Structures are given as C-alpha cells and as structure tokens.
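Asker: compute the structure for the input listed below.
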Amino acid sequence: MAFQDLLDQVGSLGRFQILQTAFFCICILIAYPHMLLENFTAAVPGHRCWVHILDNDTVSANGTEILSQETLLRISIPLDSNLRPEKCRRFIHPQWQFLDLNGTFPNMSEPDTEPCVDGWVYDRSSFSSTIVTEWDLVCESQSLISVAQSLFMVAQLLGGLIFGHISDSYRAPWKLQSVLENVFLCALKEGKGWSVLESAQWLIITNQLDEALKELRRAAHINGKKDTGETLTIEFVKSTMKQELDEGQTNVSLFDLLRPPKLRVRIFYLSFVRFAATIPFLGLMLNLQHFGSNIFLFQIIFGAVTFIVRCAVLLTMNHVGRRISQMVSSFLVGIPILVNIFLSQEMQTLRVALATLGIGATTAIFTTHTVHHNELVPTVLRSIAIGLNAMFSRLGATLAPLLMILTVYSPDLPWIIYGVSSILAGLVVLLLPETRNQPLPNTIQDVENNRRDSRKTKQEDISMKVTQF
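Answerer: Here you go, the predicted structure:
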C-alpha cells in the first residue's frame, strides 16, 4: 500500500496521533451530552389532575382538613389498572361513598370522570422544573416531547449539511472533520498506524501535494522524526503514490459515488445499516424512564458501558472480522429490546440489565461500522461517503423519537420497531464484503474491478523479489 510507506516515514503511532486523538476525545465529551440532555430537561415526573378539594388552600374553610391527603386523593382521582392514581383523569364530583371502610358498592354504576381541565400537580422531588412541568406536556400533549426531540435531531441534520459544505469550501475546518471521522481507521490495519493522517492521503489523491506535504512534515516533526520530515519532498510523494495520483485527478461528486454499480450497492447497504442501527440506539438513550425512575443511575451505567465497549471492540473486530462483529452486535441490540416487552415493570433489575446490554451492543455497531465503512469506500470519495452516511444516521435519529408517538395505538409498538430494525441491520451487513486485513481502496476502479486482492498480490510479489536478493 503506497500511502503506508509515507505513513511509516513520518511515524505510524507517535505523539502526533496520540495528541490529536486526545484532543478530539475532549471535543466529543463536550458535544455528545447535548444529544442526551432531554432525558433530564424533558423528564416526565409523576403527575395527577389538579382537584379543587385537594389542592386549593382555601378549601379548608369547608372542614375537609380533618381528612388526610390520601383520603382526599382516593375520593378525587380514580385508580388505573395497577391500582395507582390515574394521571390524566379525575372524578367529576368527589366520591364520598369511598370513605366507607367496606369499599364495596355492588349496585353502584361507575363514577363519571373527566380530563384534567384545571391542570396537573407534579412530583418535584427529583426534578424541580422541566419543559414538561412548564408547558404541561403530559397526557394528550405528551407526544410533543417526541416532536421536540425530533426537531433537535433535524437541527443536527441541517447543521451537518450546512457546515459540511462549509468544511469542504475552507481547508482548515475540513482538516479537523477529516481527522475526526477517520480516527480509528489505520490503527486497525495490523498495527500499521492511526488514520489521523487520512487528511494527508486525501490531499495527495486530489493532487493538493503542497498541503499534503505540510501535514506529513508536521506529523514527522511532532513524532520526533525531524530528519525524515526534511527528506519528504513533492518528488518523493509523487513517486511513492504515482498510480493513485494518475487515477485520482478527476473531480468527484455525489453522482460519482452513486454511478458505479458495485459502489452504489455498497453505499446503499452501508446507509441502511447506519440508519437502522441509529433508531434503536436513540430509542434506548432518549427513553431512560421506560426502565425505571432513577435515570441518573441509568445514565452513569450506560455511559460506563459505552466507554468500555468502544475500547474493547477495537480488539475483537480484528479477530472475528467487521461483518460478524456488526451482525452479532445487532442481534444483541434487537433481542434484548424485544424480550423487555414481555417483562413487567416490577422486574426493573432485569430490564435495566437487558437495556445496558443493548446500549453496549449499539456502541459496538457504530464503532465497527465506522471502520467497515471507511474500508469499503475509495479514498477519493471517502469524505463524500462519510457525509452521506452521517445524513442517514441523522435521519434515523430524527425518526427514533417520533416512533414513541405510536404508543397511543400500542405501548409496545415503538419497541418492536426498535428491535426489528436492529436485527435487519445485522442481516444486511452480511451482504457487504469483509475488509479485515485488506488494503484500503483508493479509487473507484479499485472497487469496481476488485483490485484490492490484485494489489495485495502485487505487493506480495514485490516482497518476494526483494527477498531473493
């Protein structure tokens, strides 16, 4: 692989790669929590209808202060199927007959109820204020929470499109984007190095040799290879990557990404996998209250599992391959979600354990998918393909919260969709070729003509000839 020769010259793993990786980790730590913020700002506290006899301070003049709050609640609010106070309805008139200790009235009809026409009373023990309590986003208006979450994801989608275009127009912002999106790529090539130099490779392929040379020299200097950095010249770069330069001179666009038949099929499969995998991830992460009331603890558990899995999966995918890693991870997301549907709310420990397994597996999917995607797309089109893949991820993120609106038809329907979509992603990924221990494709012809293997064979032949001497 020609670019690998340049990478070896400047240092495949040194201070340059470590510092940039640490820098972008800090950026992600700052930006990522915003996506999960609505777990807390849009948390739905316990609530019930406001009732005059219970919540009006002036009602004590009627002598009801001699009755306890529990008693007044019993005669004012009906019970649901779990024998808990209804959240969205109240009795039209106080049911004083419920004060009878026997509590049995066989000849009585069901008391009339009505919606919470006077508002709600909220349990503020965990959250003093949320957008739910401020705007009464409960009962008939609860679907607006999902709409608000979806609008946030739409803003991310539009921001990605707008700033992605800006980053392609101005070199400095683009370099940061390229480094971030490919941070793990070359680290998985049998220890050959980190892909923080992917920007230099892209610059070479697009014939921006001066900029590429600056990036390579900067990396060599930071890695302590000052002499090597001085010997890097444009002539050396041209001779090392002559074939890639000859094949990458033409300007490329989104149409070039979708025109070649084999590449188009790859992009379709990769986009579907990213779209289908994002839906259950956001479904789990934005609905922590579905698994219990202590969402602070759940967030800590999920965060710890996510961190551990991201580190571990980099090792496992090199042993079992990209496809198998994604397929198994997808099944480990979908199956626990579907099993959780049949578990009662009282089995909270098991429900949280299954959700944690699902969160960890979705993290494994995204990490492996990022590597697999970059190894399937030629370098000359990789930045465009990454943008398209990210767009489908944002579409999945936009759809995931909106699916919770389907709870008006069935409480389990959104979770069924979350589970099934993940399993489908695992099946579709099997249609993609395996890339473990394979060189990166640099041009469209490498994909269309299956030149990955031929280039590897050619490289082995050259090594054999050198060994003979």
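Asker: please count neighbours and contacts with C-alpha atoms only from this point.
Answerer: Fine.
Asker: where exactly do the strands run in the stretch 51-200 of the chain?
Answerer: 89-91, 113-115, 120-122 (DSSP state E, counting those that start in this stretch).
Asker: out of those, nearest to G46?
Answerer: Smallest distance to G46 across the strands of the stretch 51-200 of the chain (C-alpha to C-alpha): 5.8 Å, for strand 120-122.
Asker: show me what the closest one is packed against.
Answerer: Where contact means 3 or more C-alpha pairs under 8 Å, 6 or more residues apart in numbering; DSSP states H and E, strand 120-122 is packed against strand 47-49.
Asker: now the strand it packs on: mean pLDDT?
Answerer: In this model, strand 47-49 has a mean pLDDT of 90.
Asker: what's the answer for stretch 301-308, then?
Answerer: Across stretch 301-308, pLDDT averages out at 87.
Asker: most tightly surrounded among the strands of the stretch 51-200 of the chain?
Answerer: strand 89-91 (a mean of 22; mean count of other C-alpha atoms under 10 Å).
Asker: check which helices and strands that strand sits against.
Answerer: strand 47-49, helix 69-76, strand 113-115.
Asker: what strands line up against the last one, and which way round?
Answerer: Strand 113-115 sits in its sheet next to strand 89-91 (antiparallel), going by DSSP bridges.
Asker: same thing with the first one?
Answerer: Next to strand 47-49 in the sheet, as set by DSSP bridges, lie strand 120-122 (antiparallel).
Asker: pull the residues that contact the partner strand.
Answerer: 45-50, 133, 136 (C-alpha atoms under 8 Å, 6 or more residues apart in numbering).
Asker: just give the number of residues close to A400.
Answerer: 26 (other C-alpha atoms under 10 Å).
Asker: what mean pLDDT does the single longest helix found in the chain have?
Answerer: Determined from DSSP state H, the single longest helix within the chain is helix 348-376. Taken as a whole, helix 348-376 has a mean pLDDT of 90.
Asker: list the buried ones in that helix?
Answerer: 348, 351-352, 354-376 (16 or more other C-alpha atoms under 10 Å).
Asker: what is that helix packed up against?
Answerer: Using 3+ C-alpha pairs under 8 Å, 6+ apart, the elements in contact with helix 348-376 are helix 261-285, helix 295-320, helix 322-341.
Asker: TSV for those, including distance to A200 and mean neighbour count?
Answerer: Formatted as TSV, these follow (distance: least, C-alpha to C-alpha, whole Å; neighbours: other C-alpha atoms under 10 Å):
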stretch	distance to A200	mean neighbour count
helix 261-285	23	22
helix 295-320	23	15
helix 322-341	25	23
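Asker: mean pLDDT lowest for which of these?
Answerer: Across the helices and strands packed on helix 348-376, helix 295-320 has the smallest mean pLDDT, namely a mean of 86.
Asker: list the helices and strands it packs on?
Answerer: Using 3+ C-alpha pairs under 8 Å, 6+ apart, helix 295-320 is in contact with helix 348-376.
Asker: skip ahead from the helix it packs on and say which helix or strand is next.
Answerer: helix 379-402 (DSSP states H and E).
Asker: which secondary structure state does L440 sit in?
Answerer: When classified by DSSP: H, G, I helix; E, B strand; the rest coil, L440 comes out as coil.
Asker: that one and E434: what is the separation?
Answerer: 12 Å (C-alpha to C-alpha, to the nearest Å).
Asker: which of those two has more neighbours?
Answerer: L440 (22 against 16).
Asker: next one, pLDDT for that one please.
Answerer: On the pLDDT scale, L440 gets 79.
Asker: quick one, domains of the protein?
Answerer: Using automatic domain parsing, the domain parsing of the chain gives 1-31+182-248, 47-122, 147-170+253-461.
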